[in-house]
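Peer 1: here is the input, now give the coordinates:
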Amino acid sequence: MNTEATSATAGASAKQPLDEIMLAMDVVDTLRRRERLVKREIEVEGREQDLKERLRKIYQAQGIEVSDRILAEGVAALREDRFVYKPPAESFHVKLARLYVSRNRWGKWLLGGIGVLIIAWTVNYFVFVAPSKALPEEIATVHAEVTEIARSDRARERAEQLLNAGQTALDNENKDAARQALRLLEDLRTRLEQEYTLRIVNRPREQSGVWRVPDINTRARNYYLIVEAIDPSGKVLTVPVTNEETGKIERVTQWGLRVDEATFQRVARDKQNNGIIEEDRVGHKKRGYLRPDYKIRTTGGAITQW
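Peer 2: Below is the predicted model of the structure:
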């Protein structure tokens, strides 16, 4: 029984109570605040006891009893710099720790940079990469739709030409040419899907016809009737039209249809008679066909500006 008590006492003394440690730290702190006093007393041999007595009086004035052992530990700790913070030596782990602590300063810039990169990648993918990957399938799909709608050999031949052009462009990794082939196939599909009556524009203060002097022959004239496409419900359609002066396909609601001089003059006289063109229908376009069935003499050539 005595042995157990002795062991318990030894274990208790081996572990210094936390309040004693805190008190010793406070002693060191008090000594540091009185730096001049400490320096003078601690450096003079034999004056350590006087220093302890002064410290005891300081604490007694605050109502705190401090033992000799605590005072001795405090003075020893001050000599040994026991409670002084010493920064760790420079190392990779220390640098990482400092980087982590300062994350609020540089983190927002890093996150902003990452955000910009993500946005740039997303835009690049959906604007350039994804559409390019879809090109082969889109070209094949539109071509299949065109051939299903087409009712004339000419339309089917044109669809095959554009399909071959698109596939050749893809084989050569020419994305621009492949997209151009796809756009032309889509225009072809639109033209084949449409059904309309072709009429001369016949409204007050709007032109019904124009003529042009060609650059290569200034003594000649090219005559055009201004026409529009009206679907079965009476709606004016937007139609892809090839401008014979530029060779470009444009989507328009009105265009100039090239006719001979006799047809042009006949329509002019009709309008001059009472301001109304009695015979304003010049053709009918059926679904599945490229060209209207014209009721007048025309080359089918067109202009889109006048």
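
Peer 1: any low-confidence regions in the stretch 1-150 of the chain?
Peer 2: For the stretch 1-150 of the chain, the stretches flagged by pLDDT under 70 are 1-48, 50-51, 75-86, 88, 121, 124-132.

Peer 1: in it, which spans are strands?
Peer 2: Along the stretch 1-150 of the chain, no segments are classed as strands by DSSP state E, counting those that start in this stretch.

Peer 1: ok, residue 89 to residue 102 distance?
Peer 2: From residue 89 across to residue 102, the span is 19 Å (C-beta to C-beta, to the nearest Å). From N, CA and C alone the C-beta is placed, and that goes for glycine too.

Peer 1: more neighbours, these two?
Peer 2: Neighbour totals were compared for residue 89 and residue 102, and residue 102 leads with 10 against 6 (other C-beta atoms under 10 Å).

Peer 1: ok, now how distant is the more buried one from residue 114?
Peer 2: Look at residue 102 and residue 114: by C-beta to C-beta, they are 18 Å apart.

Peer 1: try residue 159
Peer 2: Here the criterion is C-beta to C-beta. By it, residue 159 lies 47 Å from residue 114.

Peer 1: could you list the domains of this structure?
Peer 2: Taking automatic domain parsing as the criterion, the chain consists of the domains 17-80, 129-193, 196-303.

Peer 1: between those, which one is nearest to residue 96?
Peer 2: domain 17-80 (29.9 Å; C-beta to C-beta).

Peer 1: how about the domains of the chain in a markdown table, adding distance to residue 123?
Peer 2: As requested, these are exported to a markdown table (distance: least, C-beta to C-beta, whole Å):
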| stretch | distance to residue 123 |
| --- | --- |
| domain 17-80 | 60 |
| domain 129-193 | 10 |
| domain 196-303 | 27 |
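
Peer 1: can I get these in JSON lines with mean neighbour count?
Peer 2: What follows is the domains of the chain, written out as JSON lines (neighbours: other C-beta atoms under 10 Å):
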{"stretch": "domain 17-80", "mean neighbour count": "14"}
{"stretch": "domain 129-193", "mean neighbour count": "16"}
{"stretch": "domain 196-303", "mean neighbour count": "15"}
